[in-house]
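Trainee: show me the folded form of this:
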Amino acid sequence: MSIHKFINMDRLTINMIANFFGRGWSALMGIVFIPLYINFMGIESYGLVGFFTTLQAVFAILNLGLSTTLNRELARFSVTAEKSQAMRDLVRTLEVVYWGLALSIGALVVGLSPFLARSWVNADTLPAEVTQKSLLLMGLVMAFQLPMDFYSGGLLGLQKQILYNVLNVAWSTLRFAGAAMALHFISPTIITFFEWQIMVSIISTGLMATALWRSLPPSDQRAKFRISAWNSVSRFAMGISGISITVLFLAQLDKIILSKILSLEFFGYYTLAWTVANGLTIITGSVFTAMFPVFSQHVASANTEELKRLYHRGCQLVSVLILPAAILVAFFAKDLLGIWIRDSSTVTNTYPLVRLLIIGTALNSLMNLPYALQLAYSWTSLVFYTNIISIIILVPALVVTTLYFGGIGAASVWIALNSGYVLIQVHIMHRRLLRGGQWRWYFEDVGYPMTATLSVISLGHFLIRDRMPFSILLVNLTILFAFALMSAVFAAPQIRAWFLSAIERWIKVFCKNLGKAI
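Mentor: Now for the predicted structure:
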């Protein structure tokens, strides 16, 4: 292996570890503090937090895909010499556009807050003025928080992922732990929660912006807004925006409908279930974040063989990390929620949703790197048109099942949607990119780890008894997860080879050091 490849591989590994730590820390903050939020504010107020999350997802489509665009373009520029001024001009151009969009979105939510409070959100015990003020504060949070995604995309494209994750850890700690302290020491109200989020968003976005600008290569000229810079990326950005709009319909319509037809209490249960299922995005997001810029670099330099090897290794890694966690939660959702929440009513209303949502999210996660490969090649039309067809077919089904069966119906459609992606989109993609790779993806990258994991956890579910103390149950589930993870590792060819090679290297180093000590 050449020195150049070794350096890239080492950077990729370090970036992935940093992403796992940063995203894992953020997830840990949520796991620890969400029960406290519910305890301080009540499940109805937590339903407003879920509605805020939905609003963020809805209005994020208006950012025109600029964060992903910046990520890709800075990664491509990084393999080309003497592009410092072009990089800085691009950041300035997209920054101006993004801030304009973010402030407009914030103003729109503020303006809609009376209507949403009066005609959309179904609060039983919260006063109307509290609900309206909370919605107004949501708009202000979004105005200052959305640009942080833009600056994050730039840092990730430059592969400053350690710096990004240091800042992300600080932001997550302030956001979650700080909010809990504010609720405890200031006032246990939803108003205090959102006022804290505004302050944290302003500080965090400012730090992320400073980090990006200081990470860009220096130039003799000041960065300028240039129409030519916008024109050079607008087609790709619009493609990402089109995908985002269709994803909104497919991934957020259930929450939009449920926020209308359910009380805030039951919408809070659905939000909690989505929080658990979305924990998988910590894993997939970490791998995507590390690999997407590298994919883009290999495409820019036409290094197809290295790209192919890295793609399949990454897909196998996603399967190994995703499937044991998802299948374990699907089998033991009620037990795990009982250990975490310790409230029988919340567990009873949430665990059936968790089982369904995490299966759909696992299937969606498997599509993460195929999607990254398409973006690296600037191919946005496949996902866009697939989503359009899915909207035509599945949205009516989503509306009907949600209206008649509530969260269970919506979660079932989520599974159907992502099953279609796995069965159809991967096959179509590999007819154009890395041709013939679809069977390797279905069998080696996904099928082998899935079969091994299902076998181990199914046996564990048969052996582990109900109604045992939480401490013993947690130990048993931890052991079962470890066995499932190792079975997935040995079932995935590239991950197995990497793991055995790493073990061999560690043994050699240990024996060498032991020999010196003796």
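
Trainee: please parse this structure into its domains.
Mentor: 18-262, 278-471 (automatic domain parsing).

Trainee: show the end-to-end separation of the longest one, please.
Mentor: Terminal residues of domain 18-262 are spaced 39 Å apart (Cα to Cα, to the nearest Å).

Trainee: so how far is it off the chain centroid?
Mentor: 13 Å (Cα atoms, centre = their mean, to the nearest Å).

Trainee: where does the prediction get shaky in the stretch 351-500 of the chain?
Mentor: Applying pLDDT under 70 to the stretch 351-500 of the chain flags the ranges 465-466.

Trainee: for it, which segments count as strands?
Mentor: Counting by DSSP state E, counting those that start in this stretch, the stretch 351-500 of the chain forms no strands at all.

Trainee: please enumerate the helices of it.
Mentor: 368-376, 381-420, 426-429, 438-440, 448-463, 470-491, 493-517 (DSSP state H, counting those that start in this stretch).

Trainee: just the element for D124, please.
Mentor: In the assignment (DSSP states H and E), D124 maps to no helix and no strand.

Trainee: tell me how many other residues surround P493.
Mentor: Residues near P493, counting by other Cβ atoms under 10 Å, number 16. C-beta coordinates here come from the backbone N, C-alpha and C atoms, glycine included.

Trainee: for it, which residues are in contact?
Mentor: Q316, E444, Y448 (Cβ atoms under 8 Å, 6 or more residues apart in numbering).

Trainee: what do you get for M450?
Mentor: M450 neighbours (Cβ under 8 Å, 6+ apart): S319, L323.

Trainee: and the gap between it and V456?
Mentor: Separation of M450 from V456 (Cβ to Cβ, to the nearest Å): 11 Å.

Trainee: ok, the contacts of P493 vs I503, which is closest?
Mentor: Using Cβ to Cβ, Q316 comes nearest to I503 of the contacts of P493, at 17.4 Å.

Trainee: quick one on the thing from earlier: need the winner for burial among the helices of the stretch 351-500 of the chain.
Mentor: The highest mean neighbour count among the helices of the stretch 351-500 of the chain, using mean count of other Cβ atoms under 10 Å, belongs to helix 368-376: a mean of 23.

Trainee: alpha carbons of that one, as PDB, please.
Mentor: These are the backbone C-alpha positions of helix 368-376, laid out as PDB (Å, rounded to 0.1, in the frame of the first residue of the first chain):
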ATOM      1  CA  ASN A 368     -27.100   5.800   3.000                       C
ATOM      2  CA  LEU A 369     -23.900   5.000   1.100                       C
ATOM      3  CA  PRO A 370     -25.600   4.100  -2.200                       C
ATOM      4  CA  TYR A 371     -27.100   7.600  -2.000                       C
ATOM      5  CA  ALA A 372     -23.700   9.100  -1.200                       C
ATOM      6  CA  LEU A 373     -22.300   7.400  -4.300                       C
ATOM      7  CA  GLN A 374     -25.000   9.000  -6.500                       C
ATOM      8  CA  LEU A 375     -24.300  12.400  -5.000                       C
ATOM      9  CA  ALA A 376     -20.600  12.000  -5.600                       C
END
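
Trainee: what distance do you get for P114 to T380?
Mentor: From P114 over to T380 the distance is 37 Å, taken as Cβ to Cβ.

Trainee: more neighbours, these two?
Mentor: For P114 versus T380, the count of surrounding residues by other Cβ under 10 Å is larger for T380: 22 against 13.

Trainee: T346 - how many residues pack around it?
Mentor: Residues near T346, counting by other Cβ under 10 Å, number 20.

Trainee: quick check: it touching Y269?
Mentor: Yes. If you go by Cβ atoms under 8 Å, T346 and Y269 touch, sitting 6.8 Å apart.

Trainee: what do the two both touch?
Mentor: Residues touching both T346 and Y269 comprise I43, with contact defined as Cβ under 8 Å, 6+ apart.

Trainee: ok, now how distant is the residue nearest the centre of the chain from F295?
Mentor: Residue closest to the mean C-alpha point of the chain, counted by Cα atoms, centre = their mean, is T281 at 3.8 Å. Distance of T281 to F295, computed by Cβ to Cβ: 19 Å.

Trainee: same question for A177.
Mentor: From A177 across to F295, the span is 35 Å (Cβ to Cβ).

Trainee: between these two, which has more neighbouring residues?
Mentor: Taking other Cβ under 10 Å, A177 and F295 do not tie; F295 has more neighbours (23 against 14).

Trainee: which helix or strand contains that one?
Mentor: helix 280-300.

Trainee: what packs against the helix or strand that that helix is followed by?
Mentor: Next along the chain after helix 280-300, taking DSSP H and E as the criterion, comes helix 304-331. With contacts taken as 3 or more Cβ pairs under 8 Å, 6 or more residues apart in numbering; DSSP states H and E, helix 304-331 sits against helix 280-300, helix 344-366, helix 368-376, helix 448-463, helix 470-491, helix 493-517.

Trainee: now do helix 304-331, average pLDDT.
Mentor: Helix 304-331 shows a mean pLDDT of 92.

Trainee: summarise which helices and strands whichever helix or strand comes after it is packed against.
Mentor: The helix or strand immediately downstream of helix 304-331 is helix 333-341, counting by DSSP H and E. Judged by 3+ Cβ pairs under 8 Å, 6+ apart, the packing partners of helix 333-341 are helix 3-41, helix 264-277, helix 344-366, helix 470-491.

Trainee: in the first one, which residues are buried?
Mentor: Within helix 3-41, the residues scored as buried using 16 or more other Cβ atoms under 10 Å are 8, 12, 15-16, 18-27, 29-30, 33-38, 40-41.

Trainee: now the angle from the helix or strand just after it to helix 264-277?
Mentor: The helix or strand immediately downstream of helix 3-41 is helix 43-59, counting by DSSP H and E. Taking axes from the mean of the first three to the mean of the last three Cα atoms, to 10 degrees, one finds helix 43-59 and helix 264-277 inclined to each other by 60 degrees.

Trainee: contact partners of the helix or strand just after helix 43-59?
Mentor: Using DSSP H and E, the next helix or strand after helix 43-59 towards the C-terminus is helix 66-77. For helix 66-77, the surrounding residues in contact (Cβ under 8 Å, 6+ apart) are 83, 86-87, 90-91, 94, 97-98, 101, 149-150, 152-154, 156-159, 233, 236-237, 240, 292-294, 296-297, 300, 375-376.

Trainee: please repeat the previous calculation with a cut-off of 6 Å.
Mentor: By Cβ atoms under 6 Å, 6 or more residues apart in numbering, the list of residues contacting helix 66-77 from outside reads 83, 87, 94, 98, 149-150, 153-154, 156-158, 233, 236-237, 240, 293, 296-297, 300.
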